[in-house]
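Colleague: 3D model of this:
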Amino acid sequence: MEQEAGKVALRDESIADIKKWDVGSFPVDEVVARFKEEVDAKRVRSISNATANVEGNGVKYGE
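Modeller: Here you go, the predicted model:
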């Protein structure tokens, strides 16, 4: 549905309440501009300490 309209549905997982993650559907150009702005500002929304255990150190997903 969004694809035909030239839009993408956005989810913001930095919001604490999982029920509020879906923030809506936006035009692709607007989303690209928003992401570019965040990258240019070097804004960090969240940090993940998950790992795929590629180094064999026994740590898996931040445990």
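Colleague: Which parts of the protein are strands?
Modeller: For the chain, the strands defined by DSSP state E cover 7-11, 22-27.
Colleague: Deepest in the core, which of these is it.
Modeller: Ranked by mean neighbour count, these are led by strand 7-11 with a mean of 14 (mean count of other CB atoms under 10 Å). All C-beta spots, glycine's among them, are computed from the backbone N, C-alpha and C.
Colleague: Within its sheet, name the partner strands of that strand and how each one runs.
Modeller: strand 22-27 (antiparallel) (DSSP bridges).
Colleague: pLDDT averaged over the partner strand, what's the number?
Modeller: Across strand 22-27, the average pLDDT comes to 92.
Colleague: Show the pLDDT at residue 52.
Modeller: Value listed for residue 52 in the pLDDT field: 63.
Colleague: Who are the packing partners of the longest helix along the chain?
Modeller: The helix that spans the most residues within the chain, counting by DSSP state H, is helix 28-41. Applying 3 or more CB pairs under 8 Å, 6 or more residues apart in numbering; DSSP states H and E, one finds that helix 28-41 contacts strand 7-11.
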